[in-house]
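*Asks:* Sequence and predicted structure are below.
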Amino acid sequence: MSAAPRPVAKAQVSDAIASGLHRAIKAAGGKGACADRMEVDPKTLNRQLSGESTLDATNMLAMLSVDRTSMNDALALYGLIATPKTAQAANDMELLASLTGAGAEMVRRLLDGLLCHKDKAALAELFRPLIPAMQAIVDEHDKRVAA
């Protein structure tokens with residue numbers, strides 16, 4: 001087993017948590033709805049977003065109930081990513097339509113020959129929710145093969 005990576009600066013971790021919190025807020029439909037789903041006061045979210053304080057572990061985990069990818073930015077600082085223990089079965093036609101749309105958007109953004117940071121941010125928003133659906137197909141296959 002390899003050694004754990006070196007600790008990351010607290011400010012970097014706080015920024016990464018805030019990035020995930022922004023995604024959770026968007027997924028919930030707003031700050032108030034996100035706070036309700038996390039069962040926290042909206043002021044708690046404001047303090048995290050402003051950098052005034054960092055969410056405690058319980059509240060960081062509660063973000064996962066709103067957006068399962070919300071902690072990935074912070075975990076990535078340590079070379080990790082959170083994945084569901086069990087993936088939900090994908091709706092194949094919906095997944096195909098979403099993949100086709102995301103692929104078309106990527107082609108459109110590549111027409112100038114490069115993907116700038118704005119292009120990558122937009123594509124990440126399209127691709128992020130598709131990853132668990134694709135993983136569900138892989139998991140279903142792996143379970144069938146292992147049986």
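*Replies:* Ah, there it is.
*Asks:* From M38, how far out is A62?
*Replies:* To M38, A62 is 4 Å away according to CB to CB, to the nearest Å. C-beta here means a position set from N, CA and C on the backbone, and glycine is covered the same way.
*Asks:* For these two, indicate the residue with more neighbours.
*Replies:* Higher neighbour count among A62 and M38: M38, with 26 against 19, using other CB atoms under 10 Å.
*Asks:* who's in contact with A82?
*Replies:* By CB atoms under 8 Å, 6 or more residues apart in numbering, A82 lies in contact with L64, R68, T69, M71, N72, L75.
*Asks:* mind putting these in a markdown table, neighbour count included?
*Replies:* Compiled in a markdown table, these are given as follows (neighbours: other CB atoms under 10 Å):
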| residue | neighbour count |
| --- | --- |
| L64 | 17 |
| R68 | 19 |
| T69 | 21 |
| M71 | 21 |
| N72 | 19 |
| L75 | 14 |
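*Asks:* out of those residues, which are inside helices?
*Replies:* Among the contacts of A82, the members falling in helices (DSSP state H) are N72, L75.
*Asks:* Which member of the contacts of A82 is positioned nearest T54?
*Replies:* Nearest to T54 among the contacts of A82 is M71, at 12.6 Å by CB to CB.
*Asks:* my read: that closest one touches M60, true?
*Replies:* Yes: between M71 and M60 there is a contact under CB atoms under 8 Å: 6.2 Å.
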